[in-house]
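J.: What would the 3D arrangement of this be:
(2 chains)
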Amino acid sequence: MITVSEASARLARGEATSEQLTERCLARIAELNPQLNAFITVTGDQALAEARRIDKDIAAGRRIGPLHGIPLSLKDLIDQQGVPTTAGSLVRRDHVADRDAVVTRRLREAGAVFVGKTNLHEFAFGTTSDDSGYGPVRNPHDPTRSPGGSSGGSAVAVATGMCLGTVGTDTGGSIRIPAAACGIVGLKPEWGRVSASGVVPLSRQLDHVGPLAASVADAWLLYNAMQPEMEQIGDSLEPRAIGELRIGVLGGYFFERIDTDVENAILSTIERLRSRGARVTDVTLPHAADMAAIYLHLVFGDGAEYHARTLDSRPNDYTRPVRLRFEMARYVLAEDYIRAVRGKAVITAEVERALAGVDVLMLPSLAIPAPPIGAATMPVKGGPEAVRALMLRCTQPFNLSGHPAISLPCGRTPGGLPIGAQLVGHKGRTPALVQAALAVEAIAATS
Amino acid sequence: MRILEIGTGTGDKTIALAKQLRGGDMLLTMEADADKAAVARRRFAAAGFDTQVSVIVGDPARFLHKLRGPFDVIVLPDASGLRMKVEALLAPRGVLIRTNGDTIVVNDMTITEWLAHARADAEQRGLPELIPMLEGLAQATERLRAADWNDNADASTPFDPDDRTQDKPRT
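T.: Model prediction:
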């Protein structure tokens, strides 16, 4: 993986052109996409034309910033003008976006080149990226396994160099889960920080738009460019000194049903941080065990509303499993939905309390390594557990609470599958979270 | 269609039901009081329903298990205390009508009731795969309903400790 930061430096020094970078990504797509199925649409000709135009601008001294000429991709539920937004579903196969999503426009204004639209779990309603109207996405570390999801194609594209960075969405973990499963970085911003206009919704109150990238520094570069201009801070941040870092380890529920390799990797990273001077305390979310029920009712209510018409008018254009889950969603009662709305406030207050007195919370991003495609259960501490429940259990609290959270690589299992560690920051202090992540990244990578 | 009525009385409700029967339908009605059953039987014969309506004399609490289900519709006095036993005789898509005198009792919105409706609906819509999935949803819903943040209309008035508009109490 070449990082955005490296590519950007080479572009600035005239050692590479945007056309070369773009050609290299397109060559990787041509080579690997037939097997990994990371892209639904590849906009190669458009991307090359754009790259050549940018190269002229850069050669003429009009370089506008670190993303100028950098090949990126978009999860295929984010609008790019003139290109289909399928949301991974045949329900939208005839759709062509009439304008850019806000996030697309901001990245375009920052000089990005878009190489294509990445495959996903249909309508982002799943965590494994196998139920897609365009076929399953495969994990580059083991093509018999899921890359996680729902932004599975996005994570695979970055992990294999089909693009240098990408934009995903995260409703219950859909940026952080595939980032962990594919060994890259995924940042779920604080809720509402990055515009979701022009993005196909799953649950508007839980949907977050954010970057997946090869490094924490790259994720910051992309995130910074996605924000409204007046809120952009700077292209690079200094890592936090580990000796100053106060970490609250979120215990209990989050380490109960977990793969032991994942558990060991996270705990040994925490130990190394402690030995380098980080102040580590234990914290809990008292209602953690209620989260899944809260989350389910909110996503179901919101999803049922958005999909009601097409479930009736073109049911067979959905993949069967996703159609059935949306149909099941239609049985949620209003009173139970409201119980979930109130539960969301309870979880939010508990995350706030857990963060009081620490800089970040730390826990796994994903309780298991990438599961085999189609697996219904996975072995974890305490016996086998449903894959769907395992995939979401570490990430969904921060969709409910809206706090910024980042997944970063934390070593591998003995079988070579990536593991992800998650850091959660205070609202209104995403830069501080990223600074902590920059510090932890170097330590965690050696797990 | 097979219909079961518990508590024939002298047959008022039974006759109303029998008027809706179509050829091939069958209505079985059970009455503990032999005198009332005899009156009902005469009235059914006079109204010409005796081929489709059969009266069983016996206490439902003791003889229900002798009936062979399933029934598509079961009419049951709500106060009978026989609901569980009767539900065992109900067809998968069957309907249980609970009565209180002449009125039909509104079903309570328990999870069991909700799940039964949802299952029947899924089956009717040709989505039988939903039936086992709905059980998972029902478990999650049960969890939400038991959560300690729920209030009750007859308990303490909701009071938000984080209410930022409240003044500090004077001590």
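J.: Who does the strand ranked longest in chain B pair with, and is each partner parallel or antiparallel?
T.: Longest strand in chain B, counting residues (DSSP state E): strand B:90-100. Using DSSP bridges, the strands paired with strand B:90-100 are strand B:71-77 (parallel), strand B:103-104 (antiparallel).
J.: Comparing the ones you listed, which comes out most buried?
T.: strand B:71-77 (a mean of 21; mean count of other Cβ atoms under 10 Å in any protein chain shown). To be clear about C-beta, it is placed using only N, CA and C from the backbone, and glycine gets the same treatment.
J.: For whichever helix or strand comes after it, name the packing helices and strands.
T.: In the C-terminal direction, the helix or strand that comes right after strand B:71-77 (DSSP states H and E) is helix B:83-87. Applying 3 or more Cβ pairs under 8 Å, 6 or more residues apart in numbering or on different chains; DSSP states H and E, one finds that helix B:83-87 contacts strand B:71-77, strand B:90-100.
J.: buried stuff in helix B:83-87?
T.: Across helix B:83-87, burial judged by 16 or more other Cβ atoms under 10 Å in any protein chain shown covers B:Lys85, B:Val86.
J.: quick one, what contacts the residue of the stretch 251-400 of chain A found nearest chain B?
T.: Closest residue of the stretch 251-400 of chain A to chain B, Cβ to the nearest Cβ: A:Ala293 (4.0 Å). By Cβ atoms under 8 Å, 6 or more residues apart in numbering or on different chains, the contact set of A:Ala293 is A:Ala340, A:Gly343, B:Ala140, B:Thr141, B:Arg143, B:Leu144, B:Ala147.
J.: contacting residues around the last one?
T.: Counting by Cβ under 8 Å, 6+ apart, B:Ala147 makes contact with A:His287, A:Asp290, A:Ala293, A:Arg339, A:Gly343, A:Val346.
J.: if you look at those, which of them are in helices?
T.: A:Ala293, A:Arg339, A:Gly343, A:Val346 (DSSP state H).
J.: Need those in a markdown table (columns: pLDDT).
T.: Listed next are these as a markdown table, based on pLDDT from 0 to 100:
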| residue | pLDDT |
| --- | --- |
| A:Ala293 | 97 |
| A:Arg339 | 96 |
| A:Gly343 | 97 |
| A:Val346 | 96 |
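J.: Quick check: PyMOL command selecting the buried ones in these.
T.: Of the ones in helices among the contacts of B:Ala147, the buried ones go into a single PyMOL selection, burial set by 16+ other Cβ under 10 Å:
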select buried, chain A and resi 293+339+343+346
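J.: Next to chain A in this structure, residues from chain B, please.
T.: B:109, B:114, B:118, B:121-122, B:127, B:129-130, B:133-134, B:137, B:140-141, B:143-145, B:147, B:149-150, B:162 (Cβ under 8 Å from any Cβ of the partner chain).
J.: Report the buried members of these.
T.: Buried among these by 16+ other Cβ under 10 Å: B:114, B:118, B:122, B:127, B:130, B:133-134, B:137, B:140-141, B:143-144, B:147.
J.: what sits against the nearest residue to A:Pro286 once chain neighbours are set aside?
T.: Ranked by Cβ to Cβ, 6 or more residues apart in numbering or on different chains and with sequence neighbours excluded, the top spatial neighbour of A:Pro286 is A:Glu350, at 6.1 Å. Contacts for A:Glu350 (Cβ under 8 Å, 6+ apart) come out as A:Leu285, A:Pro286, A:His287, A:Ser401.
J.: Apply 10 Å and report the result again.
T.: Shown in contact with A:Glu350 (Cβ atoms under 10 Å, 6 or more residues apart in numbering or on different chains): A:Val283, A:Thr284, A:Leu285, A:Pro286, A:His287, A:Ala288, A:Met291, A:Pro397, A:Leu400, A:Ser401.
J.: Likewise for A:Lys75?
T.: Contacts of A:Lys75 (Cβ under 10 Å, 6+ apart): A:40, A:85, A:87-88, A:117-120, A:124, A:150-155, A:157, A:166-169, A:174-175, A:178, A:199-200, A:209, A:212.
J.: Low-confidence ranges, chain B, go.
T.: Residues of chain B meeting the criterion pLDDT under 70: B:107-109, B:171.
J.: Helices of that one, start to end?
T.: Using DSSP H, helices in chain B cover B:12-18, B:34-47, B:60-63, B:83-87, B:111-124, B:130-146.
J.: out of those, which comes closest to A:Ala278?
T.: Relative to A:Ala278, the nearest member of the helices of chain B by Cβ to Cβ is helix B:130-146, separated by 35.6 Å.
J.: Show me what the closest one is packed against.
T.: Applying 3 or more Cβ pairs under 10 Å, 6 or more residues apart in numbering or on different chains; DSSP states H and E, one finds that helix B:130-146 contacts helix A:291-313, helix A:320-329, helix A:334-355, helix B:111-124.
J.: Residues of the stretch 301-447 of chain A that sit close to chain B?
T.: Within the stretch 301-447 of chain A, the positions lying close to chain B (Cβ under 10 Å from any Cβ of the partner chain) are A:315, A:320-321, A:323-325, A:327-333, A:335-340, A:342-343, A:345-347, A:349, A:352, A:386, A:388-389.
J.: try 7 Å this time
T.: Contact residues (Cβ under 7 Å from any Cβ of the partner chain) of the stretch 301-447 of chain A with chain B: A:Leu324, A:Glu327, A:Met328, A:Tyr331, A:Leu333, A:Asp336, A:Arg339, A:Ala340, A:Arg342, A:Gly343, A:Val346.
J.: out of those, who's nearest A:Gly277?
T.: Distances from A:Gly277 to these, taken by Cβ to Cβ, are shortest for A:Val346, at 34.5 Å.
J.: how near is the nearest residue to that closest one once chain neighbours are set aside to A:Ser151?
T.: Closest residue to A:Val346 apart from its sequence neighbours, by Cβ to Cβ, 6+ apart: B:Trp149 at 5.0 Å. Counting by Cβ to Cβ, to the nearest Å, the gap from B:Trp149 to A:Ser151 is 32 Å.
J.: swap in B:Leu67?
T.: As judged by Cβ to Cβ, B:Leu67 and A:Ser151 stand 57 Å apart.
J.: So which of those two has more stuff around it?
T.: Legend: neighbour count by other Cβ atoms under 10 Å in any protein chain shown for B:Leu67 and A:Ser151, higher for A:Ser151 (38 against 17).
J.: Against A:Val199, how distant is that one?
T.: Applying Cβ to Cβ to A:Ser151 and A:Val199 gives a distance of 12 Å.
J.: which neighbours do the two share?
T.: Listed contacts common to A:Ser151 and A:Val199 are A:Thr169; contacts here mean Cβ atoms under 7 Å, 6 or more residues apart in numbering or on different chains.
J.: quick revisit: tell me which two of the buried ones among the residues of chain B next to chain A sit farthest apart.
T.: Most distant of these, by Cβ to Cβ, are B:Leu127 and B:Ala147, 29.1 Å apart.
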